[in-house]
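# sharing a model prediction with you, sequence too.
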Amino acid sequence: MGDINLDKPPYDQGTYMGRAKHFLRLTNPINAFASNAELEEAKRIVTEFRKSRKMPAGYNADKLWATKYLYDSAFHPDTGEKMIVLGRMSAQAPMNTIITGCMITFYKTTAAIVFWQWVNQTFNAVVNYTNRSGDAPMPTSQLIASYCAACGGALSTALFLNSKVKNMNPIYARLVPFAAVCGANFINIPMMRSGELINGTPVFTADNTRVGESKAAARYGIGLVCISRVLMALPGMTVTPIITNIAINKGVFCRRPSMVVPFQLFLVGLCVTFATPMCCAIFEQRASISVDRLDEELKTKVKKNYPKTKEVYFNKGL
């Protein structure tokens, strides 16, 4: 069984479809409901296989990979620590279905906007911190300051946009949550991962030799995550309100107006379940950056110690 390498996904990560299949399994919402006992057993199996290279009793290749995906869904790839449930990518679909559904349903009053944007940005802050790149801990004071800045920026964006669309077509008001989330992502993600921007993220050669920490790689990786997160929110927060608005105008809910909310939740859930893995797959998880684009000091070090290395690799986070 030496041909199974658990450190590389079983799907070709050089192609979009390969990455999509990988993330469909990694972000599977069912993984979020695994018990601690199941997660610890998955960790034991993966750890033992890496050491012994022997197939565990009662396992075959498919079962081993299923166990590895369960392990990956709960344990951070850099630190090896168990991530809190709400921060795992497998929790994205159920959590975002509820939060996004509420954001595009309760958007008419300032109090509702503030509350649901705060809930959403708090959740995003947890996800962004949990899925950061690198293994350096962030000081509590920096974490609190980052959280306050992330939420403050998001709330300000939402309230500003909402004030501008009050007298416009209702469909524009329904799209305010998405516009606010777009702006907030470019505040929340860098703030909650500011430790990487300040200290750099670990970078490696092709054979996985750690060469140092790079701020340039951190900026690049965080930028890619911002783009994928905005695209991730796009279907649920734009298609859903547009379809709902059309349905309302056509009188679909005249007899049962209470069905608007479950209708929206269903559409959001459908969008989020598939948008999460599909957008995570846009960029490779193990991102690469040219040595020439690295921070000056690190670039000099790599060129001196690894003269044949043209690119270095790093975990961009999710």
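Ah, there it is. Residues are numbered from 1 along each chain as shown.
# just the helices in this structure please.
For the chain, the helices defined by DSSP state H cover 16-26, 36-52, 61-74, 92-105, 110-130, 140-164, 170-192, 194-199, 215-234, 240-249, 260-280, 296-305.
# now do the third one, average pLDDT.
When pLDDT is averaged along helix 61-74, the result is 92.
# now do the longest one
Mean pLDDT, computed over helix 140-164, is 78.
# how about it: buried residues?
When neighbours are counted by 16 or more other CB atoms under 10 Å, the buried residues of helix 140-164 are found to be 143, 146-147, 149-151, 153-155, 157-159, 161-162. Where you see a C-beta, it was placed from the backbone N, CA and C, and this is true even at glycine.
# about what we covered before: out of the helices of the chain, which gets nearest to residue 5?
Distances from residue 5 to each of the helices of the chain were compared using CB to CB; the shortest belongs to helix 36-52, at 9.6 Å.
# now for that closest one, which elements pack on it?
Helices and strands in packing contact with helix 36-52 are listed as helix 61-74; criterion 3 or more CB pairs under 8 Å, 6 or more residues apart in numbering; DSSP states H and E.
# distance to residue 60 added to the buried residues of helix 140-164, as TSV?
Output for those, formatted as TSV (distance: CB to CB, whole Å):
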residue	distance to residue 60
143	43
146	44
147	44
149	49
150	44
151	47
153	49
154	46
155	51
157	50
158	50
159	55
161	53
162	55
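# distance to residue 80 added to the helices of the chain, as TSV?
Formatted as TSV, the helices of the chain follow (distance: least, CB to CB, whole Å):
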stretch	distance to residue 80
helix 16-26	16
helix 36-52	9
helix 61-74	10
helix 92-105	21
helix 110-130	14
helix 140-164	20
helix 170-192	20
helix 194-199	18
helix 215-234	19
helix 240-249	37
helix 260-280	21
helix 296-305	24
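# what sits against residue 218?
Residues touching residue 218, when contacts are defined by CB atoms under 8 Å, 6 or more residues apart in numbering, comprise 133, 134, 193, 196, 197, 200, 201.
# mind redoing it with 7 Å?
Residue 218 makes contact with 133, 196, 197, 200, 201 under the criterion CB atoms under 7 Å, 6 or more residues apart in numbering.
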